[in-house]
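Asks: show me the folded form of this:
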Amino acid sequence: MTAARSNVNTELDKHLKELLKEVMKKHDDPTNAPSLTDKMKVIDRVLKWEAIKGKLQDGDWGAGFSE
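Replies: Below is the predicted model:
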């Protein structure tokens, strides 16, 4: 479930990618389409997740706590 090297949860990563695809696709039915607020919430979550993944892959991040 997690990548051994980076400690990134692949299931969470997969679901966020699917959620982003869902809110960004064009909807034929405007009553079923997500609002701009809903789209921005998803985009914000994906950007935060990417920032967390970047920190997890940095070997020195958090090293100050071990001293």
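Asks: C-alpha only now, for contacts and for neighbours.
Replies: Fine.
Asks: tell me the mean pLDDT over the longest helix belonging to the chain?
Replies: Ranked by residue count, the top helix of the chain under DSSP state H comes out as helix 36-57. Helix 36-57 shows a mean pLDDT of 88.
Asks: buried set for it?
Replies: 39, 42, 43, 46, 49, 53, 56 (16 or more other CA atoms under 10 Å).
Asks: give me the residue at the spatial middle of this structure.
Replies: Per CA atoms, centre = their mean, the C-alpha nearest to the average position across the chain is that of residue 46, at 3.0 Å.
Asks: what separation is there between residue 32 and residue 47?
Replies: According to CA to CA, to the nearest Å, residue 32 and residue 47 sit 25 Å apart.
Asks: now residue 65
Replies: 25 Å.
Asks: also residue 66?
Replies: Distance from residue 66 to residue 47, counting by CA to CA: 28 Å.
Asks: that older thread, would you mind putting the buried residues of helix 36-57 into TSV with distance to residue 26 alongside?
Replies: Listed next are the buried residues of helix 36-57 as TSV, based on distance: CA to CA, whole Å:
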residue	distance to residue 26
39	12
42	15
43	16
46	19
49	24
53	28
56	33
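Asks: name the nearest of these relative to residue 9.
Replies: Residue 9 has its nearest neighbour among the buried residues of helix 36-57 in residue 53, at 9.3 Å by CA to CA.
Asks: if we ignore the residues flanking it in sequence, what's nearest that closest one?
Replies: Leaving aside its chain neighbours, residue 53 sits nearest to residue 8 (6.6 Å; criterion: CA to CA, 6 or more residues apart in numbering).
Asks: number of nearby residues for that neighbour?
Replies: Close neighbours of residue 8, defined as other CA atoms under 10 Å, add up to 18.
Asks: is it in contact with residue 52, as I believe?
Replies: No - Residue 8 is not in contact with residue 52 according to CA atoms under 8 Å; the separation is 9.0 Å.
Asks: tell me the pLDDT of residue 67.
Replies: 63.
Asks: repeat for residue 3
Replies: On pLDDT, residue 3 comes in at 45.
Asks: and for the one 4 residues further on?
Replies: Residue 7 carries a pLDDT score of 67 in this model.
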